[in-house]
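K.L.:
Mind folding the following:
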Amino acid sequence: MTSASIDQRALGLSSALQSFRIIAPVIIWFNAQILFRKYEQRHWSG
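P.N.:
Model prediction:
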């Protein structure tokens, strides 16, 4: 394995981590909204 391919892999990993850092809060917020709506419906119906 050459050092160039290792650098390429590290670059891909860091970019994936960066995009995950941006996407993760959105996913968490989206799931929180769904959970909150379910809880709200149950709360009001009951």
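K.L.:
Report the separation between the residue most central in space within the chain and Gln18.
P.N.:
In the chain, the C-alpha nearest the mean C-alpha coordinate belongs to Ala24, at 2.2 Å (C-alpha atoms, centre = their mean). Separation of Ala24 from Gln18 (C-beta to C-beta, to the nearest Å): 11 Å. Yep, even glycine has a C-beta here, placed from its N, CA and C like the rest.
K.L.:
Report the secondary structure state of Phe20.
P.N.:
With DSSP: H, G, I helix; E, B strand; the rest coil as the basis, the three-state label of Phe20 is helix.
K.L.:
if you average pLDDT over the strand or helix carrying Ser14, what comes out?
P.N.:
Assigned by DSSP states H and E, Ser14 belongs to helix 3-45. For helix 3-45, the mean per-residue pLDDT is 92.
K.L.:
So which elements touch that helix?
P.N.:
For helix 3-45, not one helix or strand is in contact under the criterion 3 or more C-beta pairs under 8 Å, 6 or more residues apart in numbering; DSSP states H and E.
K.L.:
next one: that helix to chain centre, how far?
P.N.:
1 Å (C-alpha atoms, centre = their mean, to the nearest Å).
K.L.:
do the same with stretch 26-46
P.N.:
Per C-alpha atoms, centre = their mean, the centroid offset for stretch 26-46 relative to its chain is 18 Å.
K.L.:
tell me which residues of that stretch are tucked away?
P.N.:
Residues of stretch 26-46 classed as buried: none (neighbour count, 16 or more other C-beta atoms under 10 Å).
K.L.:
Also stretch 5-22?
P.N.:
Buried-residue list, stretch 5-22, by 16+ other C-beta under 10 Å: empty.
K.L.:
okay, that stretch in PDB with CA atoms only?
P.N.:
Extracted in PDB, the C-alpha atoms of stretch 5-22 (Å, rounded to 0.1, in the frame of the first residue of the first chain):
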ATOM      1  CA  SER A   5      -3.700   5.800  -1.200                       C
ATOM      2  CA  ILE A   6      -3.500   6.200   2.600                       C
ATOM      3  CA  ASP A   7      -3.800  10.000   2.200                       C
ATOM      4  CA  GLN A   8      -6.700   9.500  -0.200                       C
ATOM      5  CA  ARG A   9      -8.500   7.300   2.300                       C
ATOM      6  CA  ALA A  10      -7.800   9.800   5.200                       C
ATOM      7  CA  LEU A  11      -9.100  12.600   3.000                       C
ATOM      8  CA  GLY A  12     -12.300  10.700   2.200                       C
ATOM      9  CA  LEU A  13     -12.700   9.900   5.900                       C
ATOM     10  CA  SER A  14     -12.300  13.500   7.100                       C
ATOM     11  CA  SER A  15     -14.800  14.700   4.400                       C
ATOM     12  CA  ALA A  16     -17.300  12.100   5.500                       C
ATOM     13  CA  LEU A  17     -16.900  13.100   9.100                       C
ATOM     14  CA  GLN A  18     -17.300  16.700   8.200                       C
ATOM     15  CA  SER A  19     -20.500  16.000   6.300                       C
ATOM     16  CA  PHE A  20     -21.700  13.800   9.100                       C
ATOM     17  CA  ARG A  21     -21.200  16.600  11.600                       C
ATOM     18  CA  ILE A  22     -23.400  18.800   9.400                       C
END
